[in-house]
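Visitor: just the structure for this:
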Amino acid sequence: MALVVVAEDNLDHQRVIAEVVRRLGHDVVVANDGRTGLAAITKHRPDLIVADVDMPQLNGLELCQAVRDDPELTTIPVVLVTAYLLPGDPRLSATGAAGVIGKPFGVPELSEALRGHLNALKTPHVGHSLLDAVLDCVDTGVMAFDLRGRQLLVNRALSDVFGADDPGAPVEDVARRHRMRRPDGAELPAEEWPIWRAMRGEDVSHVELMTSDPHGRPHWYLVNARPVRDQDGRIVAAVSTAHDVTTRHRTRQYEVCKNKVLKVLSIHPDAPDVGDQVLAAIGGTLGWPCLRLWLADEESDMLRPAAVHNAPGEPSLPMPTAIGRGQGLAGLCWQSGDLIWVPDLHAPDAPVLPEVAQSDAYRSGGAVPVRSGERVVGAMSFFSRTRQEADPALGMLLTGIAALIGAFLEHRRAEVLALHLAAATDEYMALAGHELRTPLTSIGSYIDLIAESSPETPFSELRELFEVVHRNSTRLRELVDRLLDVAGLESGHIVLEEEPVDLTAVVTEALAPAGAGRDITIRRNRMDDVIVPGDRKRLRQVVEALVSNAVKFSPAESTVGVSLVDRGHEAVLTVSDTGVGVPAAEQPRLFRRLYRGGNARHTGIPGSGLGLALCRVVVERHRGTIALSSDEANGTTVTVRLPK
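Guide: Sure thing, here's the model as predicted:
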């Protein structure tokens, strides 16, 4: 039984930590601040110290240093608990702490972490066998089971990574917890687990297997297993060793990733989607399902999405049309010019966009700056489903790949811009031609019918033909007017008024007629009182366009949700529907002029493809951002953020 001193000024957190220590079968002494904690440590000489980083009198870092400076206390391991610093912060590692536990934590995670540190306190004592002492000294993992499949021993090299099992744990439970897989990620059947094969009499050598620690981080091992026989040659037990080859595997993986990126840039340098191909090569090799490449727009001093990769079947994250310096992972990376790691995207102080923090799709992420010479011209952000700690080797790889992208952009910028401009111009002309030709065809053909009618034909028989001409000419005029409106806003020729706008009143007024005619329910999930600076008429246009889209693409008798939330420094407007959704590949283009999703065009849903383009321009002119998140199963959510 060990004695643990817990120094934590938050009494709720202190009680939880103390209770977990007691449930693990150990004694605990608590202290409400750093100075009291140091006094308790000096008095009781505990086996383990658990200290919060942010405490009055003496913070956790200072407490740790004081313990290290005292010759009589310096060997006592310290575990730091932090919500103030990220677990990967160099200031934490510089203290020599035995471990770091990030807040927020749950009881299972806290128990697992403290169990590992408490188990690590076990040292050879009088009567401790020489074999056990040797096994605890080696870096290779060792475990042994008797013929009934009950665990006889596991050494520190494995228990420090995966936690210790209860004595006599059945091999099925150990295998289930370790979840051994083949190097390609395929589940390893229980009968092929090396220890089982050894129990059947096999000698197993150099089998490469993959498993994950309690945090979901992958590890690769070369596994050997041998049967243990008695003097009569009968199998009485089996022993297995596991040599950690994660570093070697990662090095090989990083080399493959670099080669794939070089191959894309050499074979397809002029392809319009070369950025998407580069991100797909990185994501596919490193197992990251979501990556984004952001490039700086010098005129607006904003980052804009240049490429995106979402692995098939993986959820997409909201994609803002632009982000500013210091906003989210990419914006902060662009501003600082440094590689950023965020092991836990849901930590209270994680530097991510609110949409990312609210999503449960991904666990960790980061961003690497893209440089052109000495200038930072963009950032590449990445997201992972498992916890991703800072890895120096991976950081060097990403920095090198980002340098390749920056050099590629520098040398090919003119050609790429010309290609993109030509492609965008062709696409725009095709879209504009389609939207203009459709009403013109109706006008021309119906005028021909009128012209070919007999002079004696009564006007009453021609009225329906004239109505078609009038309806399409009105549509054509409105289309041209909106095109000119969007172009004028983008160029800055149309000046916005700026005055305090009651955004709550604007949203309320826009919702009144929105669901009429199709039995659509408009649900106000939340409606805070918000005042923002801006142009009331233009902001009304944005709300009407977003709600109109949501209603238009929703099935009859469904619900459209609208919320307006005051975040202090910004107002957040969200409009969500349960309609047809938009394929992930089309989402980045939805804010372009005249672009309409394929499922909207092909299902006959009316529209001009100018609503979201107008929203984007108006929101950006108000120094805000607009993002869309959608899938074809659950509908679409559009989020607008306006500074106050």
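Visitor: going by C-alpha atoms from here, please, whenever you check contacts or count neighbours.
Guide: Noted.
Visitor: count of residues packed around the residue nearest to Pro315 when sequence neighbours are not counted?
Guide: Leaving out its chain neighbours, the residue that sits closest to Pro315 by CA to CA, 6 or more residues apart in numbering is Ala361, at 6.4 Å. Counted with other CA atoms under 10 Å, the neighbours of Ala361 add up to 15.
Visitor: surely Ala361 meets Arg385?
Guide: Yes: at 7.0 Å, Ala361 and Arg385 qualify as touching, with contact defined as CA atoms under 8 Å.
Visitor: just to revisit the earlier point, did I read that right, the residue nearest to Pro315 in a helix?
Guide: No: assessed by DSSP: H, G, I helix; E, B strand; the rest coil, Ala361 does not belong to a helix; its assignment is coil.
Visitor: how near is it to Thr636?
Guide: 16 Å (CA to CA, to the nearest Å).
Visitor: check Ile49 too.
Guide: 49 Å.
Visitor: next one: Val547
Guide: Relative to Thr636, and taking CA to CA, Val547 is found at 11 Å.
Visitor: same question for Glu389.
Guide: Distance from Glu389 to Thr636, by CA to CA: 33 Å.
Visitor: point to the helix or strand of the protein where mean pLDDT is at its lowest.
Guide: Least confident element among the helices and strands of the chain, by mean pLDDT, DSSP states H and E: helix 598-601 (a mean of 52).
Visitor: helix or strand next in line after that one, which one?
Guide: helix 611-621 (DSSP states H and E).
Visitor: next, the residue in the chain sticking out farthest from the centre: secondary structure please.
Guide: Within the chain, the residue lying farthest from the chain centre (CA atoms, centre = their mean) is Glu456, at 71.1 Å. Look at Glu456: counting by three-state DSSP, its state is coil.
Visitor: could you report the pLDDT at it?
Guide: Glu456 carries a pLDDT score of 80 in this model.
Visitor: with Arg412 instead?
Guide: Arg412 is given a pLDDT of 55.
Visitor: neighbours of the nearest residue to Pro289 once chain neighbours are set aside, how many?
Guide: Leaving out its chain neighbours, the residue that sits closest to Pro289 by CA to CA, 6+ apart is Ala311, at 4.8 Å. For Ala311, the neighbour count with other CA under 10 Å is 15.
Visitor: so Ala311 is in contact with Cys290, correct?
Guide: Yes: between Ala311 and Cys290 there is a contact under CA under 8 Å: 6.6 Å.
Visitor: for the stretch 301-450 of the chain, what spans make up the strands?
Guide: Secondary structure of the stretch 301-450 of the chain (DSSP state E, counting those that start in this stretch): strands at 302-310, 319-320, 340-342, 364-372, 375-384.
Visitor: looking at the ones you listed, which is buried most?
Guide: strand 364-372 (a mean of 26; mean count of other CA atoms under 10 Å).
Visitor: mean confidence (pLDDT) on that strand, please.
Guide: Here the average pLDDT along strand 364-372 is 89.
Visitor: report the angle between it and strand 375-384.
Guide: 160 degrees (axes from the mean of the first three to the mean of the last three CA atoms, to 10 degrees).
Visitor: what lies in contact with strand 364-372?
Guide: 329-330, 333-334, 337-345, 376-388, 398-399, 402-403, 405-407, 409-410 (CA atoms under 8 Å, 6 or more residues apart in numbering).
Visitor: for the strand ranked longest in the chain, packing partners?
Guide: If you go by DSSP state E, the chain has its longest strand at strand 218-229. Applying 3 or more CA pairs under 8 Å, 6 or more residues apart in numbering; DSSP states H and E, one finds that strand 218-229 contacts helix 194-199, strand 204-212, strand 235-244, helix 246-267.
Visitor: how about these in JSON lines, adding mean neighbour count and distance to Arg23?
Guide: Putting the helices and strands packed on strand 218-229 into JSON lines (neighbours: other CA atoms under 10 Å; distance: least, CA to CA, whole Å) gives the following:
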{"stretch": "helix 194-199", "mean neighbour count": "23", "distance to Arg23": "32"}
{"stretch": "strand 204-212", "mean neighbour count": "18", "distance to Arg23": "26"}
{"stretch": "strand 235-244", "mean neighbour count": "21", "distance to Arg23": "31"}
{"stretch": "helix 246-267", "mean neighbour count": "15", "distance to Arg23": "34"}
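Visitor: which one of these lies nearest to Glu109?
Guide: strand 204-212 (14.9 Å; CA to CA).
Visitor: pLDDT on that closest one, on average?
Guide: For strand 204-212, the per-residue pLDDT averages 89.
Visitor: need the contact partners of that strand.
Guide: 178-183, 185, 194, 197-198, 218-226.
Visitor: if we use 6 Å, what do you get?
Guide: 179-183, 218-225 (CA atoms under 6 Å, 6 or more residues apart in numbering).
Visitor: taking strand 218-229 as reference, get the angle to it.
Guide: Going by the same axes, to 10 degrees, strand 204-212 makes 140 degrees with strand 218-229.
Visitor: what's the angle between strand 204-212 and strand 235-244?
Guide: Using the same axes, to 10 degrees: strand 204-212 against strand 235-244 is 60 degrees.
Visitor: remind me which residues of the stretch 451-600 of the chain are low pLDDT?
Guide: 476, 478-481, 483-484, 487, 490-492, 513-518, 585, 588, 593-600 (pLDDT under 70).
Visitor: need the strands for it, in chain order.
Guide: Under DSSP E, counting those that start in this stretch, the stretch 451-600 of the chain gives strands at 499-502, 521-527, 531-534, 559-566, 570-576.
Visitor: which neighbours does the last one have in its sheet, and in what orientation?
Guide: Read it as strand 570-576. strand 559-566 (antiparallel), strand 635-643 (antiparallel) (DSSP bridges).
Visitor: tell me the angle it makes with strand 521-527.
Guide: Using the same axes, to 10 degrees: strand 570-576 against strand 521-527 is 160 degrees.
Visitor: next one: strand 570-576 to chain centre, how far?
Guide: Relative to the centre of its chain, strand 570-576 is centred 20 Å away, using CA atoms, centre = their mean, to the nearest Å.
Visitor: may I see the buried residues of it?
Guide: Glu570, Ala571, Val572, Leu573, Thr574, Val575, Ser576 (16 or more other CA atoms under 10 Å).
Visitor: now do that strand: everything it contacts.
Guide: 560-565, 636-644.
Visitor: of these, which is the nearest to Ala31?
Guide: Val565 (40.2 Å).
Visitor: does that closest one touch Asp528 like I think?
Guide: Yes: using CA atoms under 6 Å, Val565 is in contact with Asp528, at 5.4 Å.
Visitor: which one of the two has more residues nearby?
Guide: Per other CA under 10 Å, whichever of Val565 and Asp528 has more neighbours is Val565, with 18 against 14.
Visitor: how far away is the closest residue to Gly216 other than its chain neighbours from Val278?
Guide: Sequence neighbours aside, Thr386 is the residue nearest to Gly216 in space, at 5.3 Å (criterion: CA to CA, 6+ apart). With the distance defined as CA to CA, Thr386 ends up 22 Å from Val278.
Visitor: which one's more surrounded, the two?
Guide: Shown here are Thr386 and Val278; by other CA under 10 Å, Val278 has more neighbours (27 against 19).
Visitor: in a helix, the more buried one, correct?
Guide: Yes: Val278 forms part of a helix when assessed by three-state DSSP.
Visitor: residue contacts, it?
Guide: So Val278 contacts Val261 (CA under 6 Å, 6+ apart).
Visitor: all good on my end, thank you.
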